[in-house]
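In: I would like to see how this sequence folds:
(one chain, ligands or ions: 1)
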Amino acid sequence: MRVASLVVGLLLGAAVLAPAGAGAQTAQRVTALDARLAGDASRTRLVIDLNRKIEARAYTIADPNRVVIDLPEVSFDLPVGAGKQSRGLISAFRYGQFAQGKARIVIDLREPVRIDKTFVLAAVDDQPARLVIDLVRTDKASFLKNALVPERPQTAAPKALPKQPLDARPVIVLDPGHGGPDVGAQAKTGDEEKEVVLEVAKKLREQLLRTGRYRVVMTRDDDYFVPLDERVAIARANAAALFISIHADSLSKGTGEASGATIYTLSERASDSEAQLLADKENDSDKLAGYLSQQPDDIANILFDLAQRNTKNHSALFARTLVGSLKNAARLHKSPLRSAGFVVLKSPDVPSVLVELGYLSSPDDLKQMTSEAWREKVTVAVVEAIDKFFVGRTPAMAGR
Ligand SMILES: [Zn+2]
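Out: The predicted model follows:
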C-alpha cells in the first residue's frame, strides 16, 4: 500500500513538472470568472464566481476605509470593467496578485461597514463556486474599532544579484510602476498603466542587456504588487548605480489636454501643482493595494543628508541627459523636467528618476506607447542616455 501511494506521489509530481498545457496543471488553477454587486446602501453583497471552492479571509482597514479579501493564488478572468461600478456601500473594487501565491480583492467603501458574512459556496449543478461577502452599514466608531491591521506580504530581504567580484558593470534597476490590485492609470480603451509600463520596462531590459555593459534588475517582471518601500530596498540591496521608475499618467476628465513624456526627480517641494498631484497619486499605490506601508506620509520630513545631496545632483544630471536623448525619439511634455516628493525616488544613495512615458488619456500618446516601433525607439534613446551618464564615471565604461 505504501509503495503504491509512493508511486502515485511520484506520478503526481511528474505531472506537475510536465510542460505547460498539461492537464494536471490547468485543473489546479483557481479562476475568478465573474463578479456582481447586489443590495443597497444599508446592505451590499459582492459575489465572485469561481471555477472551484477556495479559502477566503476578509477584514476591514481604515484610512481610507476599505474591505480586503485575502485569497490564495487566483487568476482573474473577470469581464472588462469589473469592479468599476458602484452600488450601495461599495464604490469600486480592485483585484490582482498581491504576493507570491496570494491574491487580493480590495473594496473601496462609501460608508463605514461591518462584514456581516463571508462564505464560499461549492459549485452545484450548473452554478459555479461562489465567494460571497455581505457588508452592512455601521457607524464610524464601530468601523474603526474593528478595522484590522492587514498582513504585510512576506518581504524577506529583497533579492540581490549574486555577488560577482570581477563584474564592475553598473546595476540598473528598472521599476515598472503599479501591479496586481493597483492597476495605475487607465485609458478609455481599457489599457492599464501597469501593463503598458511593464512592456516598456521589459523592452528596456532587453536593450540594456544587449549592450553587455550593464546588469539589470527589475522590481517586478510580471503582474503583481510590489510595495513602494520594497522597490527602494531592491535598488539599495543591489547597490544600483541608477534607478528608473516607469509610469504613464492619465488626466481625469475636465483637467485639460496633456501629452508627451516627463522626467521627474525627487524634491521636498514639488516644482508645480500638477507634479504634486501626480506624486500624491503615485504614492497612493500601497493604499490602493490594501497595504499598510510604514512610509511616513509626509516626505518633507526626510533628512536630506550629504550623500543624498550628491545623489540628487546625479539624479538631476541623468534626468537632463535623458530629456536630451528622448527629445529625438518621443514627444516630450511642454515642461519635461519636473520634481516632486515621490516615495519611490527616495534612496539616499541611488540616483533615481521617474519617467512618465506619456498620457493614457491622450489617444496619440496611447497609440504610441502601445506600439512596438515606439517602444523600440524610446528604449534605444534611454540606453543612449544611460551610456552618456556612465561614460567616465565607472571603471567599466571608462575604456570606451
Ligand atoms: Zn503610475
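In: so how many other residues sit close to whatever residue of the stretch 301-400 of the chain ends up closest to the ion?
Out: Across the stretch 301-400 of the chain, the shortest distance to the ion (CB to the ion) belongs to residue 356, at 7.4 Å. No exception for glycine: its C-beta is placed from N, CA and C like everyone else's. Neighbour count for residue 356, taken as other CB atoms under 10 Å: 28.
In: Identify each buried residue in stretch 87-97, please.
Out: 87-91, 93-97 (16 or more other CB atoms under 10 Å).
In: Farthest pair within those residues?
Out: 88 and 97 (27.4 Å; CB to CB).
In: can you give me the helices for this structure?
Out: Ranges of helices in the chain, per DSSP state H, are 2-17, 23-28, 140-146, 193-211, 228-237, 273-283, 285-288, 306-326, 363-369, 372-390, 395-398.
In: Would you reformat the ones you listed as TSV and include distance to residue 176 and mean neighbour count?
Out: Shown next, in TSV, are the helices of the chain (distance: least, CB to CB, whole Å; neighbours: other CB atoms under 10 Å):
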stretch	distance to residue 176	mean neighbour count
helix 2-17	29	10
helix 23-28	27	11
helix 140-146	35	13
helix 193-211	4	20
helix 228-237	10	22
helix 273-283	13	18
helix 285-288	12	20
helix 306-326	17	17
helix 363-369	13	19
helix 372-390	13	18
helix 395-398	25	13
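In: The stretch 251-400 of the chain against the ion: which residues are in contact?
Out: By CB under 5 Å from the ion, the residues of the stretch 251-400 of the chain that approach the ion are residue 282.
In: can I get the helices of the chain in CSV with mean pLDDT?
Out: Shown next, in CSV, are these (pLDDT from 0 to 100):
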stretch, mean pLDDT
helix 2-17, 38
helix 23-28, 50
helix 140-146, 90
helix 193-211, 97
helix 228-237, 92
helix 273-283, 92
helix 285-288, 88
helix 306-326, 90
helix 363-369, 93
helix 372-390, 97
helix 395-398, 49
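In: for those helices, which one sits closest to residue 44?
Out: helix 140-146 (14.5 Å).
In: got the contact list for that closest one?
Out: Residues from elsewhere that reach helix 140-146 (CB atoms under 8 Å, 6 or more residues apart in numbering): 60, 62, 65, 112-114.
In: could you dump that helix to PDB, C-alpha only?
Out: Output in PDB follows, covering the C-alpha atoms of helix 140-146 (Å, rounded to 0.1, in the frame of the first residue of the first chain):
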ATOM      1  CA  LYS A 140     -17.600  55.300  12.100                       C
ATOM      2  CA  ALA A 141     -16.600  54.500  15.700                       C
ATOM      3  CA  SER A 142     -17.600  50.800  15.300                       C
ATOM      4  CA  PHE A 143     -15.800  50.600  12.000                       C
ATOM      5  CA  LEU A 144     -12.500  52.000  13.500                       C
ATOM      6  CA  LYS A 145     -12.800  49.600  16.500                       C
ATOM      7  CA  ASN A 146     -13.000  46.600  14.200                       C
END
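In: Centre of the chain to that helix, how far?
Out: Between the centre of helix 140-146 and the centre of its host chain there is 30 Å, according to CA atoms, centre = their mean, to the nearest Å.
In: Quick check: nearest residue in space to the residue in the stretch 51-200 of the chain positioned nearest to the ion, chain neighbours excluded?
Out: Nearest residue of the stretch 51-200 of the chain to the ion: residue 177, at 3.9 Å (CB to the ion). For residue 177, ignoring the flanking residues on the chain, the nearest one in space by CB to CB, 6 or more residues apart in numbering is residue 247 at 4.3 Å.
In: what about the one you found, how many residues close to it?
Out: Counted with other CB under 10 Å, residues neighbouring residue 247 total 27.
In: what bridges to it?
Out: Going by DSSP bridges, residue 247 is paired in beta bridges with residue 356.
In: so it sits right up against residue 359, yeah?
Out: No - assessed by CB atoms under 8 Å, residue 247 is found out of contact with residue 359, at 10.6 Å.
In: Quick check, pLDDT for residue 259.
Out: We have a pLDDT of 85 for residue 259.
In: tell me the contacts of the residue lying closest to it once chain neighbours are set aside?
Out: Sequence neighbours aside, residue 362 is the residue nearest to residue 259 in space, at 4.2 Å (criterion: CB to CB, 6+ apart). By CB under 8 Å, 6+ apart, the contact list for residue 362 reads 257-259.
In: Fine by me, thanks again.
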